[in-house]
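Asks: give me the fold of what follows.
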Amino acid sequence: MSIFKAYDIRGLVPQQLSVSGAQRIGRALAELYQAPLLAVGRDMRESGPALREALIEGLRQGGVDVLDIGLVDTPRVYFAVGRLKLPGGVMITASHNPGEYNGFKLCREEAIPISYDSGIQELEKLFERGPRDPAERPGLLMQVDLNSAYLEYLRGFVDRIEPLKVAIDCGNGMGGSLARELFEPLGLEIVPLFFELDGRFPNHEANPLEAKNMRWLQEAVLAERCDLGIAFDGDADRVMFVDERGELIPSDMITLLIAANLLEREPGATILYDLRSSQVVPEEIRARGGQPLRCRVGHAFIKKRMREVEAAFAGELSGHYYFRDNYYADSGYLAALKVLEIVSRAHRSAPLSQQIEPYRRYAASGEINSKVTDPDRALAALDARFPGSNPDRHLDGLLVQGEGWWFNVRKSNTEPLVRLNLEARDPTTMERMRDQILDLIRST
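Replies: This is a model prediction of the structure:
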């Protein structure tokens, strides 16, 4: 299986991604970028130091000067590229994957992502061809600490936050690198969980999208009587939330919470939401005078679309939140700050659960995966069974809108799976349609 994926480079170390392979990728990146200077950061994985050294050596052999920004979260690479007006950057991370994985996330100037279609495919060809002769002048290696500037930058996105008690689960990932420095000076009382950086992830996977990884946070919120709970993924570009009752908050509800707050300050703003989100998201954005725009899943597509329509904000069901004023990039820290600001404004009169409750008016299936022999055939069968003319029907997989219900089915990028998300006006309709569609998928 190729390590060159739709949105990044990722694989098992050293079976799929070796030190020599990282150096060769560095040489290929030097040729791809054709840039005089790139930023490089890494997360806390045990394979990180060796891969960093090899990648940087490859870049320098290709004549690229390297600005090493150290042990950082992924959004800090975006910040470095945007703030310092660099031609691009590389983050060494495997995000939420287990500790034996590692990889590279790539961006161009202004933190514009490089996906398979916009550069990774070409990079794969350069990697397979092998390096040309080294540059006449090897690149320089420089180091810079951007932590103070980064903290000041993040705090500039919010006004005063009232004192709150907050449980924060960093999952031994990069969220723990600056969590205390960011949140405690704001007057918050922090209940810390797994702040220690440990790329072996000894407590649980740093993937808050999986409910099983959230139970420690839920228990802490209840035991410590917190106002809310926050959980970051391994490289801190995603974040999930728990209300004061210890209940998980779906990410589309957080999208709406942030969007409603933003529209108070910027009436009429365009807000993007991924097509798996609840119908309540566009309904409420319109009710507040905003312009909702449905988009396909995936950070490269979302960031591109945001730039095209100058959207102020976008939210994705996976816990990615994107801000125009943050170089159109996603940031777990920034989304957490915005939610803390919103909660602190009303938590004495209306705790987080009550602020979210009016949005919970439809019944959703959640994402259901089905292993199939031929995903394309499964989607074709659904397309024939549920005809229609919705303009977004094939925006990403298949999107079908019925009377009182809708569903989206998408193929996995890496496995023979199809993913169903369905919502209906009531639980009975949702269950009936869910079972009908699953039967059709699994019988193809």
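Asks: sketch out the low-pLDDT regions of the chain for me.
Replies: 414 (pLDDT under 70).
Asks: residue farthest from the centroid of it?
Replies: Here the chain reaches farthest from its C-alpha mean at residue 136, the gap being 39.0 Å by C-alpha atoms, centre = their mean.
Asks: that residue touches residue 62, doesn't it?
Replies: No - counting by C-beta atoms under 8 Å, residue 136 stays clear of residue 62, with 11.1 Å between them. Where C-beta positions appear, they are placed from N, C-alpha and C, glycine not excepted.
Asks: the nearest residue to the residue farthest from the centre of the chain once chain neighbours are set aside sits in which helix or strand?
Replies: Distances taken as C-beta to C-beta, 6 or more residues apart in numbering put residue 63 closest to residue 136, at 7.5 Å, once the chain neighbours are dropped. Assigned by DSSP states H and E, residue 63 belongs to neither a helix nor a strand.
Asks: got phi/psi on residue 63?
Replies: When read as degrees, to the nearest 10, the backbone of residue 63 gives phi 90, psi 10.
Asks: over to the one 5 residues further on?
Replies: The main-chain torsion angles of residue 68 are listed as degrees, to the nearest 10 and equal phi -80, psi 110.
Asks: please name the nearest non-neighbouring residue to it.
Replies: Residue 68 sits nearest to residue 143 (C-beta to C-beta, 6+ apart), 4.7 Å away.
Asks: OK, contacts around that neighbour?
Replies: The contact partners of residue 143, taken as C-beta atoms under 8 Å, 6 or more residues apart in numbering, are 67-70.
Asks: can I get these in TSV with secondary structure?
Replies: Below are these laid out as TSV (DSSP: H, G, I helix; E, B strand; the rest coil):
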residue	secondary structure
67	strand
68	strand
69	strand
70	strand
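Asks: buried ones among these?
Replies: 67, 69 (16 or more other C-beta atoms under 10 Å).
Asks: pick out the most distant pair among the contacts of residue 143.
Replies: With C-beta to C-beta as the measure, no two of the contacts of residue 143 lie farther apart than 67 and 70, at 10.2 Å.
Asks: which non-adjacent residue is nearest residue 87?
Replies: Of all residues not flanking residue 87 in the chain, residue 35 sits nearest, at 3.6 Å (C-beta to C-beta, 6+ apart).
Asks: what about that neighbour, neighbour count?
Replies: By other C-beta atoms under 10 Å, the residues close to residue 35 number 19.
Asks: in a strand, it, correct?
Replies: No - Residue 35 sits outside any strand when classified using three-state DSSP, being coil.
Asks: and it, how far from residue 64?
Replies: Residue 35 is 6 Å from residue 64, where distance means C-beta to C-beta, to the nearest Å.
Asks: show me the contacts for residue 320.
Replies: Residue 320 neighbours (C-beta under 8 Å, 6+ apart): 237-238, 299, 302, 330.
Asks: mind putting these into CSV with distance to residue 406?
Replies: Formatted as CSV, these follow (distance: C-beta to C-beta, whole Å):
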residue, distance to residue 406
237, 28
238, 25
299, 24
302, 20
330, 26
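Asks: let's see which of those residues end up in helices.
Replies: 299, 302 (DSSP state H).
Asks: what about stretch 92-106, how long is it end to end?
Replies: Using C-alpha to C-alpha, to the nearest Å, the span of stretch 92-106 from its first residue to its last is 9 Å.
Asks: buried sites along that stretch?
Replies: Buried residues in stretch 92-106, defined by neighbour count with 16+ other C-beta under 10 Å: 92-97, 99-106.
Asks: could you dump those into JSON lines and include secondary structure and distance to residue 156?
Replies: Conversion of the buried residues of stretch 92-106 to JSON lines gives the following (DSSP: H, G, I helix; E, B strand; the rest coil; distance: C-beta to C-beta, whole Å):
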{"residue": "92", "secondary structure": "strand", "distance to residue 156": "28"}
{"residue": "93", "secondary structure": "coil", "distance to residue 156": "25"}
{"residue": "94", "secondary structure": "coil", "distance to residue 156": "30"}
{"residue": "95", "secondary structure": "coil", "distance to residue 156": "26"}
{"residue": "96", "secondary structure": "coil", "distance to residue 156": "28"}
{"residue": "97", "secondary structure": "coil", "distance to residue 156": "32"}
{"residue": "99", "secondary structure": "coil", "distance to residue 156": "34"}
{"residue": "100", "secondary structure": "coil", "distance to residue 156": "38"}
{"residue": "101", "secondary structure": "strand", "distance to residue 156": "34"}
{"residue": "102", "secondary structure": "strand", "distance to residue 156": "32"}
{"residue": "103", "secondary structure": "strand", "distance to residue 156": "31"}
{"residue": "104", "secondary structure": "strand", "distance to residue 156": "29"}
{"residue": "105", "secondary structure": "strand", "distance to residue 156": "25"}
{"residue": "106", "secondary structure": "strand", "distance to residue 156": "27"}
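Asks: how about JSON lines for those residues, with distance to residue 260 added?
Replies: What follows is the buried residues of stretch 92-106, written out as JSON lines (distance: C-beta to C-beta, whole Å):
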{"residue": "92", "distance to residue 260": "37"}
{"residue": "93", "distance to residue 260": "32"}
{"residue": "94", "distance to residue 260": "34"}
{"residue": "95", "distance to residue 260": "29"}
{"residue": "96", "distance to residue 260": "28"}
{"residue": "97", "distance to residue 260": "33"}
{"residue": "99", "distance to residue 260": "38"}
{"residue": "100", "distance to residue 260": "41"}
{"residue": "101", "distance to residue 260": "37"}
{"residue": "102", "distance to residue 260": "38"}
{"residue": "103", "distance to residue 260": "36"}
{"residue": "104", "distance to residue 260": "36"}
{"residue": "105", "distance to residue 260": "30"}
{"residue": "106", "distance to residue 260": "34"}
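Asks: chain neighbours aside, what residue packs nearest to the most centrally placed residue in the chain?
Replies: Centroid-nearest residue in the chain, with C-alpha atoms, centre = their mean: residue 320, separated by 3.5 Å. Closest residue to residue 320 apart from its sequence neighbours, by C-beta to C-beta, 6+ apart: residue 330 at 4.3 Å.
Asks: the one you found: neighbouring residues, count only.
Replies: When neighbours are counted by other C-beta under 10 Å, residue 330 registers 29.
Asks: now do the contacts for it.
Replies: Contact analysis of residue 330 by C-beta under 8 Å, 6+ apart lists 75, 237-238, 299, 316, 320-322.
Asks: which of the residues you listed are buried?
Replies: 75, 237-238, 299, 316, 320-322.
Asks: could I get these as CSV with distance to residue 255?
Replies: Output for the buried ones among the contacts of residue 330, formatted as CSV (distance: C-beta to C-beta, whole Å):
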residue, distance to residue 255
75, 18
237, 15
238, 13
299, 14
316, 8
320, 10
321, 7
322, 10
